[in-house]
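>>> Got a sequence here, can you model it:
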Amino acid sequence: SYKQLCRDMGLTIVNPAAEHILGIIELYEYLKSSPFIGPFGTIENPVLVPAIHTERVVGCSGGTGDSEHVPLWFRCREGFLYRCGECD
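From the prediction side, this is the model:
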């Protein structure tokens, strides 16, 4: 946990609001530095896309082999389901 990490590193433990902001910064740095690669979703089991804000740009390349297609990009917004027109 954050508190244990602070203790181990000899740092000051901050209040919950500051801890939340530091967590958001860490998430932002992670999302910025690594692409989101995951399984193909279905209507019954959609892929949840992590985002810092209420939307995130996501691309679909169709996978590999015969199902591969030119990357299509979507601006995914919170609360909506998106489907790739090529993968239908």
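
>>> Would you map the strands across the protein?
Ranges of strands in the chain, per DSSP state E, are 55-60, 72-77.

>>> if I look at the residue of the chain most remote from its centre, how far off is S1?
Ranked by distance from the centre of the chain (CA atoms, centre = their mean), the top residue is G10, with 30.8 Å. Look at G10 and S1: by CB to CB, to the nearest Å, they are 16 Å apart. Yep, even glycine has a C-beta here, placed from its N, CA and C like the rest.

>>> any idea of the pLDDT on G10?
With respect to pLDDT, G10 scores 77.

>>> cool, and V58?
Per-residue pLDDT puts V58 at 84.

>>> Tell me how many other residues crowd it.
Other residues lying near V58 total 17 when counted by other CB atoms under 10 Å.

>>> Where does pLDDT dip in the protein?
The model of the chain has pLDDT under 70 over residues 2, 13, 36, 88.

>>> where along it do the helices fall?
In the chain, the segments counted as helices under DSSP state H are 2-9, 16-33.

>>> closest one to R75 among those?
Nearest to R75 among the helices of the chain is helix 16-33 (15.4 Å), distances taken as CB to CB.

>>> elements contacting that closest one?
Other helices and strands packing on helix 16-33, by 3 or more CB pairs under 8 Å, 6 or more residues apart in numbering; DSSP states H and E, are helix 2-9.

>>> how distant is the helix it packs on from the center of its chain?
Helix 2-9 sits 25 Å away from the centroid of its parent chain (CA atoms, centre = their mean, to the nearest Å).

>>> Show the secondary-structure elements that that helix is packed against.
So helix 2-9, by 3+ CB pairs under 8 Å, 6+ apart, packs with helix 16-33.
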